[in-house]
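1. Predicted model and sequence follow; I will ask about them next.
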Amino acid sequence: MAVYRTPDERFRDLPDYPFQPHYVEIEGMRVHYVDEGQGPPVLMLHGEPTWSYLYRKMIPPIARRYRAVAPDYVGFGRSDKWTEVEKYTFDAHYGVVEGFIEALDLQDITVVVQDWGGPLGLRLATQHPERMARLVILNTGLFTGGVVMPDGMLAWREYAMQTPDLPVGLIVKQALYNRDLATEDVVCAYDAPFPDPESKAGARAFPAIIPTSAEAPGAREMMQTLEALARWDKPALVMFSDQDPIFSVEAGRRFQQLIPGAQFKVIEGAGHFLQEEKGEVIAAEMLSFMAAK
């Protein structure tokens, strides 16, 4: 299996991303993560096609009180990348995320999830509740194959599957509500891990592994995760933005209704990647929630 490693010089002088790289080997792949601060860990799991850069506005305030940990999945960021789309499966991604918390022996975790971080991180939390302290759920969903996907997600899935050279930075910009925030430097930072089509196999693969039937890979695990969340007995905070065409505020409300005792906040004036637009606001809400729970 061919493995691609993005050259280090691609990550020099990225705006607002001064963090030192850390690496751990998992299943033969070098996995990168940000690790700032001390105390109980706050594990921030990104989505598609982003990487730990998405959390750069949240990491400093969180690291002043806790240990802020933000990994890059295999295929993203500074982590190694398989070059074959077929290698990227739900089980492969989940195995790396699970191996990551075990390799670092993370305990008392506050897990923060968004986009594909939801299926991976909520599965992780419900499979390892003994390691978890609380959940923070941002714009995401759990697809069991039993409901029709939103039109926007279907269109994105089709586009990603048919576009070998995905314009990653532009995709992130187009998903924002206030696109002026995505300056040329920021767009380039999201593009940094992906200098050529060979490096983008993971970004292309994620939309295609969304379960579209109850028999599809990952669907059974997502149903089990939903059932486990209905029995969740630890604190949970759900925050969805009001300008996301894929995951609506109503979708966030369904998480609140599912998880016993979950709190709910609407993040106003943000699109799909709400960490990019309202990272400081989200971090402040999180810290208030964590102080009370």
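-> Structure received.

2. Which helix in this protein has the most residues?
-> Taking DSSP state H as the assignment, the helix of the chain that covers the most residues is helix 274-292.

3. Buried residues, that helix. List them.
-> Judged by neighbour count (16 or more other C-beta atoms under 10 Å), helix 274-292 contains these buried residues: 274-279, 281-283, 285-287, 289-290. To be clear about C-beta, it is placed using only N, CA and C from the backbone, and glycine gets the same treatment.

4. What of stretch 210-230?
-> Neighbour-count burial for stretch 210-230, counted by 16+ other C-beta under 10 Å, picks out 210-211, 216, 218-219, 221-223, 225-226, 228-229.

5. And stretch 49-66, by the same measure?
-> Neighbour-count burial for stretch 49-66 [16+ other C-beta under 10 Å]: 49-63, 66.

6. Ok, stretch 5-23 next?
-> 6, 10-11, 14, 19.

7. What of stretch 104-119?
-> Residues of stretch 104-119 classed as buried by neighbour count (16+ other C-beta under 10 Å): 104, 106, 109-119.

8. That stretch - what's its average pLDDT?
-> For stretch 104-119, mean pLDDT is 97.

9. sorry, back to before: and the longest helix of the chain, what does it pack onto?
-> helix 59-63, strand 109-113, strand 132-137, strand 236-241, strand 263-267 (3 or more C-beta pairs under 8 Å, 6 or more residues apart in numbering; DSSP states H and E).

10. Strand 132-137 and the fourth one, what's the angle between them?
-> Read it as strand 236-241. Compare the direction of strand 236-241 with that of strand 132-137 by axes from the mean of the first three to the mean of the last three C-alpha atoms, to 10 degrees and you get 20 degrees.

11. How many neighbouring residues does the closest residue to residue 234 other than its chain neighbours have?
-> Spatially, and ignoring its direct neighbours in sequence, residue 234 is nearest to residue 134 (5.6 Å; C-beta to C-beta, 6 or more residues apart in numbering). Using other C-beta atoms under 10 Å, residue 134 has 21 neighbouring residues.

12. pretty sure residue 134 contacts residue 235?
-> Yes: the pair residue 134 and residue 235 passes the contact test of C-beta atoms under 8 Å, sitting 4.1 Å apart.
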